[in-house]
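*Asks:* 3D model of this:
(one chain, ligands or ions: 3)
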Amino acid sequence: MIPILTAQQIRDADQYTIGHEPITSINLMERASRAFVRKFSTLVPGGSRIMIFCGTGNNGGDGLVIARVLIQQAHDVSIFVVGSMERATEDFKVNFERLSVLTGIHQVANEDQIPNIPGNAVVIDGLFGSGLSRPVSGLFANVIDQINKSGAEVYAIDISSGLYPDQPLSEGAVVEATHTISFQTPKLIFFLPEMRKYVGQWHVVDIGLDEPFIQSCETDAFFTQARDIALPSRSTFDHKGSAGRLLLIAGSKGKMGAATLSARAAMRSGCGLLYIHTPCCGLNILQVNVPEAMVIEDEHTEVITEVMPADNVDVLAMGPGIGTNSLTQKALADLILHTSEPMVLDADALNILALNPELLNALPPESILTPHPGEFARLVGAWRSDFEKLEKLRWLAKTYQLNVVLKGAYSAVCSSRGYLYFNPTGNPGMATAGSGDVLTGIVAALLAQGMAPFDALRAGVYLHGQAGDEAAINVGEISLMASDLIEYLPAAFKKLHF
Ligand SMILES: NC(=O)C1=CN([C@@H]2O[C@H](COP(=O)(O)OP(=O)(O)OC[C@H]3O[C@@H](n4cnc5c(N)ncnc54)[C@H](O)[C@@H]3O)[C@@H](O)[C@H]2O)[C@@H](O)CC1
Ligand SMILES: Nc1ncnc2c1ncn2[C@@H]1O[C@H](COP(=O)(O)OP(=O)(O)O)[C@@H](O)[C@H]1O
Ligand SMILES: [K+]
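*Replies:* Residues are numbered from 1 along each chain as shown. Ligands and ions are numbered 1, 2, ... in the order given. Have a look, this model is predicted:
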């Protein structure tokens, strides 16, 4: 996993690398900027008119190196330095000298000197990086305004000028980048929907900062990598009873599809034995669509009214398609009160928890909740910013000792100790009815196979997204539907078995 660092930790990692590699700061700037250019060159067509805007800090210093390298590669580049040269860092000054030998550098010291930016230009934003210390105003804000109004493609160096790597949006001007080419590790803000407008599509390039130092930084947020994902394994004498026995409590009249999707995803995720508790109306539907499962009928025709924990199962999962009928609310409450092992709750089971918040206290510790933002808001109330949303996620997980995934792009998986893991897989094609039901089945099956609850959740979210990515390659994001996720689960599992 990649630790997500604060602005201060990023500075510390720079300094540690400079001291211990050792490398001079000017050479580190050169290395970082060359890494930027390598990525930039894969994204921008040759022959583009490139306009680079530099502040006089080290982010601007990067901009000057990038300009030099691009000029040496025969690109059409104009350079604009904004602000006072008196405040320039040493490394900025050295690179200013190196660049002046090659080309003219425009100084922007007042509004009249702000250039016109054609819509077909490519802008590189080197005004401010992780050293931003206050909201951007004055001349810098005017330059940013021109950049944003121009309609040009904008490539931010490290981070869009005006953004803090680890703090909410400031009051001042912020560059709206189409791409961010960031150094070494992704920043927290890259994972927040409200920041997308400023961050654009982001890329991380390796600039050779000290890896053991980065891994040793204390943080409570990480970006999951494939190598973090453990999978259950089978051994020679395994039988269906030892490979995970799951009781899935799902469905109501008109929502048997949710139960079907969860059940099929569970079977495709290695569940040894699957029982489905469902209202009578679901019997035939499930027997036909999931012949591998055994179906237990509720007494009620249309909704679930009574489920008792059974001795012969390892894990209970409840929620997909159950509705919030008062009889079902009572059934869930009874089930929670009679269960001591971690269980999986999704969809309407979460809505029932929101209606009966006292049940949260009764949930078996380490249980798993899988809300989408709507369900999450019902559980914890509305939030004013994505930072507050993440605080609420940590609060919910820690207060009730739960593992919770807040679903969406970069789904945030939170452990009961409040550690956040952003998920790298998945795509907008998965924004389609039933995707969440598939996730429930995957996670419950992994838990039933003996994985620790947090590991099962993080792995399930990763595999679900990977199945979505495999499906998108084959059917496209638009045509992708939830059943495709189940079809491409085998490919997702195979990809992880390296
Ligand atoms: N050796 C290093 O430390 C490396 C740094 N790198 C680059 O350096 C950047 C960080 O550089 P710096 O720490 O110099 O900081 P920045 O270049 O982000 O800017 C800091 C300067 O801007 C001023 N400033 C901050 N907010 C302002 C505002 N709102 N209005 C006007 N002035 C403002 C500060 O007083 C300071 O002079 C990184 O983002 C990265 O691009 C890379 O070259 C990699 C190596
Ligand atoms: N834009 C997106 N990028 C990546 N994953 C997404 C995106 N939109 C939705 N998903 C994933 O699809 C699933 C949708 O779940 P949910 O909203 O519960 O669907 P449903 O209730 O229809 O089953 C979640 O796992 C979510 O992470
Ligand atoms: K920048």
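*Asks:* what's the offset of stretch 362-378 from the middle of its chain?
*Replies:* In this view, stretch 362-378 has its centroid 18 Å away from the chain centroid, taken as CA atoms, centre = their mean, to the nearest Å.
*Asks:* doesn't T324 fall inside a strand?
*Replies:* No: under the criterion used here (DSSP: H, G, I helix; E, B strand; the rest coil), T324 is coil, not part of a strand.
*Asks:* residue contacts, it?
*Replies:* The contact partners of T324, taken as CB atoms under 8 Å, 6 or more residues apart in numbering, are D348, N351, I352, L355. Yep, even glycine has a C-beta here, placed from its N, CA and C like the rest.
*Asks:* from those residues, which is closest to C280?
*Replies:* Nearest to C280 among these, counting by CB to CB, is D348 at 18.5 Å.
*Asks:* circling back to that earlier point, inside helices: which ones of the contacts of T324?
*Replies:* D348, N351, I352, L355 (DSSP state H).
*Asks:* hang on, the second one packs against E375?
*Replies:* Yes: with contact taken as CB atoms under 8 Å, N351 and E375 are classed as touching, separated by 6.3 Å.
*Asks:* more neighbours, these two?
*Replies:* The residue with more neighbours, out of N351 and E375, is E375; 24 against 19, by other CB atoms under 10 Å.
*Asks:* tell me which residues touch the more buried one, please.
*Replies:* A347, L350, N351, A354.
*Asks:* identify, from those residues, the entry nearest to ligand 1.
*Replies:* Using CB to the nearest ligand atom, L350 comes nearest to ligand 1 of the contacts of E375, at 40.0 Å.
*Asks:* quote the end-to-end distance of stretch 166-176.
*Replies:* Using CA to CA, to the nearest Å, one end of stretch 166-176 lies 17 Å from the other.
*Asks:* distance from the chain centre to it, please.
*Replies:* Put simply, stretch 166-176 sits 20 Å off its chain's centre (CA atoms, centre = their mean).
*Asks:* and the residue nearest the centre of this protein?
*Replies:* Closest residue to the average C-alpha location of the chain: Y410 at 1.8 Å, with CA atoms, centre = their mean.
*Asks:* now do the contacts for that one.
*Replies:* Residues near Y410 by CB under 8 Å, 6+ apart: F190, F191, F422, N423, P424, G426.
*Asks:* what's across from the third one in the sheet?
*Replies:* Counting by DSSP bridges, F422 forms beta bridges with F223, A412.
*Asks:* and it, how many neighbours?
*Replies:* Other residues close to F422 by other CB under 10 Å number 22.
*Asks:* gap between the residue lying farthest from the centre of the chain and ligand 3?
*Replies:* No residue in the chain sits farther from the centre than V101, which is 43.9 Å out by CA atoms, centre = their mean. Noted for V101: a distance of 25 Å to ligand 3, by CB to the ion, to the nearest Å.
*Asks:* need the residues of the stretch 101-250 of the chain near ligand 3, please.
*Replies:* Applying CB under 5 Å from the ion, we find that the stretch 101-250 of the chain lies next to ligand 3 at D125, A156, I157, S161.
*Asks:* by neighbours, which of the residues you listed wins?
*Replies:* Counting neighbours by other CB under 10 Å, I157 leads those with 32 neighbours.
*Asks:* check contacts around the residue in the stretch 101-250 of the chain that ligand 2 sits nearest to.
*Replies:* For the stretch 101-250 of the chain and ligand 2, the shortest gap (CB to the nearest ligand atom) falls at P193, measuring 9.2 Å. By CB under 8 Å, 6+ apart, P193 lies in contact with D386, G408, A409.
*Asks:* looking at the residues you listed, which one is closest to ligand 2?
*Replies:* The nearest member of the contacts of P193 to ligand 2, counting by CB to the nearest ligand atom, is A409 at 3.6 Å.
*Asks:* tell me the pLDDT at the residue of the stretch 101-250 of the chain closest to ligand 2?
*Replies:* On pLDDT, P193 comes in at 97.
*Asks:* ok, S233 next?
*Replies:* Looking at S233, its pLDDT is 88.
*Asks:* again, but for C217
*Replies:* Turning to C217, the model gives it a pLDDT of 97.
*Asks:* quick check, it in contact with Q8.
*Replies:* No: at 9.8 Å, C217 does not count as touching Q8 under the criterion of CB under 8 Å.
*Asks:* L274 bridge partners, please.
*Replies:* Beta-bridge partners of L274, counted by DSSP bridges, are L246.
*Asks:* would you mind measuring from it to P291?
*Replies:* Using CB to CB, to the nearest Å, L274 is found at 11 Å from P291.
*Asks:* swap in G282?
*Replies:* In terms of CB to CB, G282 sits 14 Å off from P291.
*Asks:* more crowded one of these two?
*Replies:* Of the pair G282 and P291, G282 is the one with more neighbours under other CB under 10 Å, namely 27 against 8.
*Asks:* can you pull the phi/psi pair for that one?
*Replies:* phi -90, psi -10 (degrees, to the nearest 10).
*Asks:* all numbers from here: first residue = 460
*Replies:* Sure thing, new numbering starts at 460, so read that last one as G741.
*Asks:* I'd say it and G713 touch.
*Replies:* No: under the criterion of CB under 8 Å, G741 makes no contact with G713, lying 10.3 Å away.
*Asks:* G867 is in contact with P832, correct?
*Replies:* Yes: under the criterion of CB under 8 Å, P832 makes contact with G867 at 6.2 Å.
*Asks:* so which of those two has more stuff around it?
*Replies:* Per other CB under 10 Å, whichever of P832 and G867 has more neighbours is G867, with 16 against 13.
*Asks:* quick one: low-confidence ranges for the protein?
*Replies:* Scanning the chain for pLDDT under 70 picks out 957.
*Asks:* for it, which residues are neighbours of ligand 1?
*Replies:* Counting by CB under 6 Å from any ligand atom, the residues of the chain lying close to ligand 1 are 473, 484, 487-488, 491, 514, 516-519, 521, 546, 548, 587-595, 599, 616-617, 642.
*Asks:* which of the residues you listed are buried?
*Replies:* Listed as buried from the residues of the chain next to ligand 1 are 473, 484, 487-488, 491, 514, 516-519, 521, 548, 587-589, 591, 595, 599, 616-617, 642; burial here means 16 or more other CB atoms under 10 Å.
*Asks:* just the residues you listed: which are in helices?
*Replies:* Per DSSP H, those map to helices at D473, S484, L487, M488, A491, N517, N518, G519, D521, F599.
*Asks:* and whichever residue of the stretch 610-759 of the chain sits closest to ligand 2, what element?
*Replies:* Closest contact between the stretch 610-759 of the chain and ligand 2, by CB to the nearest ligand atom, is at A717 (7.0 Å). Using DSSP states H and E, A717 falls within helix 715-727.
*Asks:* now H736
*Replies:* Using DSSP H and E, H736 falls in strand 732-737.
*Asks:* list the contacts of the residue of the chain found nearest ligand 2.
*Replies:* Proximity of the chain to ligand 2 (CB to the nearest ligand atom) peaks at G895, 2.1 Å away. Residues counted as contacts of G895 (CB under 8 Å, 6+ apart) are P779, D805, A806, T829, H831, K866.
*Asks:* which residues does the closest residue to the fifth one other than its chain neighbours contact?
*Replies:* When you say that, I think you mean H831. Nearest residue to H831, sequence neighbours excluded (CB to CB, 6 or more residues apart in numbering): K866, at 4.7 Å. Shown in contact with K866 (CB under 8 Å, 6+ apart): T829, P830, H831, P832, G895, L898, V920.
*Asks:* backbone phi and psi for F539, please?
*Replies:* Phi and psi for F539, reported as degrees, to the nearest 10, are phi -130, psi 120.
*Asks:* I640 belongs to a helix, doesn't it?
*Replies:* No: using three-state DSSP, the assignment for I640 is strand, not a helix.
*Asks:* ok, it touching R493?
*Replies:* No: if you go by CB under 8 Å, I640 and R493 don't touch, sitting 11.7 Å apart.
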